[in-house]
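# got a predicted structure here, sequence first:
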Amino acid sequence: MSLRFLLALSLSAVSVVCAAQVMPKRIILDTDPGTDDALALMLALHSPDVKIEAITVVPGNVTAEQGLENALRMVSLANRCDIPVAGGAKHPLNQKLITAEMWHGRNGLGNVELPSPKCKADAHFGPDLIIELVRKYPHEITLVPVGPLTNIALAVSKDPALATLVKDIVIMGGSISGGNSTGAAEANIFNDPEAAQIVFNAGWTVTMVGLDVGNKTLLTDEHVRDLASSPRPLAQFSAQIGKFMVSTGKKYGMEGAAMYDPLAMGVAIDPGVVTTRLMRVDVETQGQFTRGETVANREGYNEHYVLEGDHYTIDRLEKLPANARVCVDVKPQRFLDMFVSRIKGKP
Ligand code: BDR
Ligand code: CA
């Protein structure tokens, strides 16, 4: 046997061992379930490259109680009582909760009635569970918050070291091209602007999967039919949710259902589905028309002014370090193929 052949053999053996050792990504899903939240969870449950360490529930689309019930029903349907599901905050930090049954159905799950849960809620307070798990697996956990950022703000305020101890944080929220709750604000940020401002300024680099890319990633009737063709109970459930979302979208003039939360999960799994740009993002908490807007500084500086007699003048540019990777473009087809094929499974 030649030396070259032996070398090639041993190199391929090493790569086989390495491939076998690729660990699934540990994620915590913080969610306000929610129809598209449900689909984000379905994607994670069908992703062998993901290990869901916990689901923490935040009020948003539905109340905290309904959200916990929905999460428990879904993990029960999936036979995954091994995944801790913990309730968290009961309301936003500084305002009353705004629920969204108009978009998500009276139960938040597109009026799809799942059987009563057999899984039980974890006794931890959601933000404390996040802290415990991030400390248990330093630099390994990717946080995927897809609701208002209340739980994450509480966690990182209590334990600021989380900002350096997580592997990554991929949020669904915000927009640099107008809102869906108001002209300026996206719903998750609008539902708790103070929490969002804490999270963007916690010291980590937030991957922001906002409306800019979610609105280009549409589930259609064809995808729903594809999901419904699978005999898997979770694919059937996903198809029912998808059907509700597509028909609700159509009612309000949309061509399909925006895959906001599933796309955030998709980005956590495969960052290549989006293009990002580093920016400085702050959340407007005051504005009469702009409360909840994610204000993105594309230039990386603000002008600095000094008083000169009776007026101010610019004396220099003040550099602003980026705190967010803002998703500015998406490959919808690549994401939707992954989404449908994973949930549907092999024929
Ligand atoms: C976000 O708001 C919620 O209604 C959805 O679940 C998603 O997280 C979109 O703006
Ligand atoms: Ca959500």
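Received the coordinates, thanks. Ligands and ions are numbered 1, 2, ... in the order given.

# what does the protein put close to ligand 2?
Applying CB under 5 Å from the ion, we find that the chain lies next to ligand 2 at 32, 34, 37, 146-147, 261. Just so you know, the C-beta spots here come from the backbone N, C-alpha and C atoms, and that holds for glycine as well.

# show me what residue of the stretch 51-200 of the chain gets nearest to ligand 1.
Nearest residue of the stretch 51-200 of the chain to ligand 1, counting by CB to the nearest ligand atom: residue 187, 3.7 Å away.

# check contacts around that residue.
Counting by CB atoms under 8 Å, 6 or more residues apart in numbering, residue 187 makes contact with 60, 100, 179-181.

# nearest to residue 138, of the residues you listed?
Closest approach to residue 138 among those (CB to CB): residue 60, at 28.6 Å.

# quick one, what contacts the closest one?
32, 34, 67, 97, 99-100, 147-148, 187-188, 191.

# now the two most distant members of those residues.
67 and 187 (14.5 Å).

# next helix or strand past the least confident helix or strand in the chain by mean pLDDT?
Lowest mean confidence among the helices and strands of the chain (mean pLDDT, DSSP states H and E): helix 3-21, at a mean of 50. Per DSSP states H and E, the first helix or strand lying C-terminal to helix 3-21 is strand 25-31.

# so is that next one next to ligand 1?
No. Judged by CB under 6 Å from any ligand atom, strand 25-31 makes no contact with ligand 1; its nearest approach is 8.1 Å.

# okay, the angle between the very next helix or strand once past that strand and strand 25-31?
Downstream of strand 25-31, the first helix or strand assigned by DSSP H and E is helix 35-45. Interaxial angle, helix 35-45 versus strand 25-31 (axes from the mean of the first three to the mean of the last three CA atoms, to 10 degrees): 160 degrees.

# export helix 35-45 as CSV, just CAs?
What follows is helix 35-45, C-alpha atoms only, in CSV (Å, rounded to 0.1, in the frame of the first residue of the first chain):
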residue,chain,number,x,y,z
THR,A,35,-49.4,30.1,15.1
ASP,A,36,-46.0,31.0,13.6
ASP,A,37,-44.4,30.2,16.9
ALA,A,38,-45.9,26.7,16.7
LEU,A,39,-44.3,26.3,13.3
ALA,A,40,-41.0,27.4,14.6
LEU,A,41,-41.2,24.8,17.3
MET,A,42,-42.3,22.1,14.7
LEU,A,43,-39.1,23.0,12.7
ALA,A,44,-36.9,22.7,15.7
LEU,A,45,-38.5,19.4,16.7
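
# now it: average pLDDT?
What helix 35-45 shows for mean pLDDT is 98.

# and it, what does it pack onto?
strand 25-31, strand 50-57, helix 64-77, helix 233-251, helix 260-269, helix 332-344 (3 or more CB pairs under 8 Å, 6 or more residues apart in numbering; DSSP states H and E).

# and the longest one, is it in reach of ligand 1?
Read that as helix 233-251. No. Using CB under 6 Å from any ligand atom, helix 233-251 stays clear of ligand 1, with a minimum separation of 10.1 Å.
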